[in-house]
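In: build me a model:
(chains A, B, C and D)
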2 protein chains.
Amino acid sequence: MVTIADVARHAGVAASTVSYVLSGKRTISTDTRERVQRSVHALGYRPNASARALASQRSNVLALVIPLRTGMHVPVMMQFATAVVTTARRFDHDVLLLTADEGPDGLERVAQSSLVDALVVMDVELHDERVPVLRELPMPSVLIGYPDDADGLTCIDLDFVAAGAHCVDHLADLGHRSLALLGTPSAVYERQTGFAQRTLTGFVEAAERRGVLGVETPCEHTFDAILHTVEQLLSDHPDITGLVVQNEPIIGPLLDVLRRLGRRVPEDMSLVAICADDVAERQVPQLSSVSIPAERIGDQAVESLIAKLEGGEVPSLTLVPPTLTARGSTCPHGDLTTA
Amino acid sequence: MVTIADVARHAGVAASTVSYVLSGKRTISTDTRERVQRSVHALGYRPNASARALASQRSNVLALVIPLRTGMHVPVMMQFATAVVTTARRFDHDVLLLTADEGPDGLERVAQSSLVDALVVMDVELHDERVPVLRELPMPSVLIGYPDDADGLTCIDLDFVAAGAHCVDHLADLGHRSLALLGTPSAVYERQTGFAQRTLTGFVEAAERRGVLGVETPCEHTFDAILHTVEQLLSDHPDITGLVVQNEPIIGPLLDVLRRLGRRVPEDMSLVAICADDVAERQVPQLSSVSIPAERIGDQAVESLIAKLEGGEVPSLTLVPPTLTARGSTCPHGDLTTA
DNA sequence: AAGGGGTGTCGAAGCGCTTCGACTGGGGTA
DNA sequence: TACCCCAGTCGAAGCGCTTCGACACCCCTT
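Out: As a prediction, this is how the structure comes out:
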């Protein structure tokens, strides 16, 4: 392995000069700089990450904590992860992958051993036991999602309350008077997962505001569960004509179920999904949907984290406004002129 | 931050003694050991990872290179990633996440800067430009999947040739004489991705051996593409009664397509999938399938890597034998007594 | 001609740990 | 009794880098 001393010798300068050429932290004459750069190239020098981290107290590594929980939709998580890694690399940082099952201890471990400089935590629950740990940790962190008490934290999330409301508004605007929210598996609600709770809140509030019926039910992932849930729903509330779905993996089977029950989409049943755009576009008919801007949120998380590392101030809570794209799964219902 | 010197002072011993207590590399009297351990606890000491890495030339971090390529099935990749992280933690290692789009340079970067001790590389192509780099790198690596020339490498993979053959054998045993392989998107074949190529090879060879018709076609992910592909297939080869599918995301829509075309599964068309068990079990009917033991392969990859780090010898190529589980999507065809 | 202020470079002191060789003292052997 | 050996501990020397203060040297001012 070639060290900074080898480069210094080769270029005929002191090691510290090489360091300053590489970091740009002091002015170096053009002549010296170029000579050093040539030596770096010639020898194929790569700074040793540990030595650098030890001396500078910066590892240039971010921790990314991803959930491995039941009911989480994997492709969306991967989009977050990918965005985080890609953006981290833009800022010359690497990403250490932690799974949520290490819990709060895992955060303490990587933070207190100075393995990482900062943390990105996904899948935050309303009352998350990692939150107090994050508050005490001697390094910045950013949460994707946010707990009940976001004080002293930096959180970024899609505004799921608005997302739930948008769906209701869209359907209500089309004249639908009875709506249902087909949500995530009940385990997700029981964990008090923020995004699920908030969508529900937005859905319920908007339904009230618009004076329409808004019922909600969790839904598991198996075909039978979907079939049973929808049958139950439609027998309890036969007049439902608008469905909001926040549960990506059931979307395909749900369309089958509706077909099997003789409900055409959108003629008999309008449907709005909260899901990634490509999923919505892949269905037949294409689904009206509120998209999940995973890439944007992942980018933003890393950018905020880097800003905090450099001593900048970032807002405590950033809510990304949702956008609804109307596609072929929703259509007007009833006599709109009286609505 | 509390350092090893603080612990040593607190326990009334030398810093090196603390180090030896922690590493177990020299014998320490029970008395001293316990005193040191109490001090470690009392002060909440965590060794500094960079200092440790610098002094010991071991970072205790593995690199995991995951693909972000078109056509890859995300949930399966996450299963690999999860298994790798979990097993790495069992061996007291962490995992640095790299995306494949950093290419060979990314491998060199993390290896030569001593950021990691070893690498796990997923989604290996038959002629992978990262392979020569891996051969030269001064540290061990394990590939999940394997290139044409696996010499000097350590590779682990499901035996996809056998997987393809198993599917054919299963269908042929049931009396089917005309089979088709519905494969991955053509981009995956064009990249010369090992698993896709090998399944194809196994499928073709087995069809030949069994004296049955075996045609193959790639298939994109959109509904229209699936519909078109299947229609084309059935019009070119109307007598096809057995389908092998290696393309997880199309499984749901494919069942729709068959239904729409009036082919009942399994009465009119038997279907074997190469996919994760939970996906197979979620369908109606449940699918006969060859499962992808992602967890087992991920575990095995890390175990081999750790063994190599400790100087052990590991086989160059480990092929995990596939297992086929018959479920409700395959049934006998024709007059079996004459087959 | 003397003084002052940049600019560019160097040397040395750490960063917190591991590891090597050396030392001590107690127990066994000859 | 003299010797040796081993278990247990210590001190010091690094690992490869960053960073601080010091120091030339040159140019400009007065």
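
In: burial count for A:Val120?
Out: Here the count is done by other Cβ atoms under 10 Å in any protein chain shown, and A:Val120 has 26 residues near it. Quick note: C-beta positions are derived from backbone N, CA and C, even for glycine.

In: need phi/psi at it.
Out: According to degrees, to the nearest 10, the main-chain angles of A:Val120 amount to phi -110, psi 120.

In: what sits against it?
Out: If a contact means Cβ atoms under 8 Å, 6 or more residues apart in numbering or on different chains, then A:Val120 has A:62-65, A:84, A:141-144, A:301-302, A:305 as its contacts.

In: among these, name the ones in helices.
Out: Cross-referencing the contacts of A:Val120 against helices under DSSP state H gives A:84, A:301-302, A:305.

In: which of these come close to chain B?
Out: Of the entries in the ones in helices among the contacts of A:Val120, none also sits close to chain B under the rule Cβ under 8 Å from any Cβ of the partner chain.

In: out of those, which touch DNA strand C?
Out: When Cβ under 7 Å from any atom of the strand is taken as the criterion, no member of the ones in helices among the contacts of A:Val120 contacts DNA strand C.

In: so which of those is the closest to B:Thr229?
Out: Nearest to B:Thr229 among these: A:Val84, at 35.2 Å, using Cβ to Cβ.

In: surely the closest one meets A:Ala301?
Out: Yes. With contact defined as Cβ atoms under 8 Å, A:Val84 and A:Ala301 form a contacting pair (6.4 Å).

In: so what's the residue in the stretch 201-339 of chain A that DNA strand C sits nearest to up against?
Out: Relative to DNA strand C, the nearest point of the stretch 201-339 of chain A is A:Leu309 (18.3 Å; Cβ to the nearest atom of the strand). Neighbouring residues of A:Leu309 by Cβ under 8 Å, 6+ apart: A:117-118, A:140.

In: A:Val230 and A:Leu261 touch, don't they?
Out: Yes. Counting by Cβ under 8 Å, A:Leu261 is a contact partner of A:Val230 at 6.7 Å.

In: what about stretch A:57-67, average pLDDT?
Out: For stretch A:57-67, the mean per-residue pLDDT is 96.

In: touching it from outside, list them.
Out: Outside stretch A:57-67, the residues that reach it (Cβ under 8 Å, 6+ apart) are A:49, A:52-53, A:77, A:80-81, A:84-85, A:88, A:92-100, A:106-107, A:110-111, A:114-123, A:130, A:302, A:305, B:49-50, B:96-97, B:115.

In: would you mark the buried spots in that stretch?
Out: A:59-67 (16 or more other Cβ atoms under 10 Å in any protein chain shown).

In: if we check DNA strand D, which of the contacts of stretch A:57-67 are in contact?
Out: Residues shared between these and the neighbourhood of DNA strand D are A:Arg52 [Cβ under 7 Å from any atom of the strand].

In: now restrict the contacts of stretch A:57-67 to buried residues only.
Out: If you count burial by 16+ other Cβ under 10 Å, the buried members of the contacts of stretch A:57-67 come out as A:49, A:52-53, A:77, A:80-81, A:84-85, A:88, A:93-100, A:106-107, A:110-111, A:114-123, A:130, A:302, A:305, B:49-50, B:96-97, B:115.

In: so which of those belong to helices?
Out: Using DSSP H, the members of the buried ones among the contacts of stretch A:57-67 that fall within helices are A:49, A:52-53, A:77, A:80-81, A:84-85, A:88, A:106-107, A:110-111, A:130, A:302, A:305, B:49-50.

In: low pLDDT regions in chain A?
Out: Along chain A, the model assigns pLDDT under 70 to residues A:69-71, A:335-339.

In: close to DNA strand D: what parts of it are there?
Out: Residues of chain A that fall close to DNA strand D, judged by Cβ under 7 Å from any atom of the strand: A:1, A:3-5, A:15-16, A:18-20, A:22-23, A:25, A:45-48, A:51-52, A:54-56.

In: wait, A:His176 touches A:Ser270, no?
Out: Yes. The pair formed by A:His176 and A:Ser270 meets the contact definition of Cβ under 8 Å, at 6.1 Å.

In: mind listing the shared neighbours of the two?
Out: The overlap between the contact sets of A:His176 and A:Ser270 (Cβ under 8 Å, 6+ apart) consists of A:241-242, A:333.

In: just the CA trace of stretch A:278-289, in PDB.
Out: Provided in PDB are the C-alpha atoms of stretch A:278-289 (Å, rounded to 0.1, in the frame of the first residue of the first chain):
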ATOM      1  CA  ASP A 278     -44.800   2.900 -12.200                       C
ATOM      2  CA  VAL A 279     -47.000   0.600 -10.300                       C
ATOM      3  CA  ALA A 280     -50.000   2.700 -11.000                       C
ATOM      4  CA  GLU A 281     -49.200   2.800 -14.700                       C
ATOM      5  CA  ARG A 282     -48.600  -0.900 -15.000                       C
ATOM      6  CA  GLN A 283     -52.200  -1.800 -14.100                       C
ATOM      7  CA  VAL A 284     -55.200  -2.200 -16.400                       C
ATOM      8  CA  PRO A 285     -56.800   0.300 -16.200                       C
ATOM      9  CA  GLN A 286     -54.000   2.600 -15.200                       C
ATOM     10  CA  LEU A 287     -54.600   3.900 -11.700                       C
ATOM     11  CA  SER A 288     -55.300   7.400 -10.600                       C
ATOM     12  CA  SER A 289     -52.800   7.800  -7.800                       C
END
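
In: what residues sit buried inside it?
Out: If you call a residue buried by 16+ other Cβ under 10 Å, then stretch A:278-289 has these buried ones: A:279-280, A:282-289.

In: excluding sequence neighbours, find me the nearest residue to A:Asp159.
Out: Leaving aside its sequence neighbours, A:Asp159 sits nearest to A:Leu319 (Cβ to Cβ, 6 or more residues apart in numbering or on different chains; 4.0 Å).

In: pull out the buried residues from the helix or strand that contains A:Ala207.
Out: Here A:Ala207 sits within helix A:194-210, counting by DSSP states H and E. Buried residues in helix A:194-210, counted by 16+ other Cβ under 10 Å: A:194-200, A:202-204, A:206-207, A:210.

In: so which residues make contact with that helix?
Out: Taking Cβ under 8 Å, 6+ apart as the criterion, the residues outside helix A:194-210 that touch it are A:124-126, A:145-147, A:157-158, A:160-169, A:172, A:179, A:181, A:183-184, A:188-189, A:213-214, A:216, A:244, A:246, A:274.

In: now, those residues that are in strands?
Out: The subset of the contacts of helix A:194-210 located in strands under the criterion DSSP state E comprises A:157-158, A:179, A:181, A:213-214, A:216, A:244, A:274.

In: so which of these wins on neighbours?
Out: With neighbours defined as other Cβ under 10 Å, the most crowded of these is A:Val244; it has 30 neighbours.

In: residues touching that residue, list them.
Out: With contacts taken as Cβ under 8 Å, 6+ apart, A:Val244 has the following neighbours: A:164, A:167-168, A:171, A:179-182, A:203, A:271-274.

In: ok so, going back, most widely separated two among the buried residues of stretch A:57-67?
Out: Of all pairs drawn from the buried residues of stretch A:57-67, the widest gap by Cβ to Cβ lies between A:Asn60 and A:Pro67 and measures 25.0 Å.
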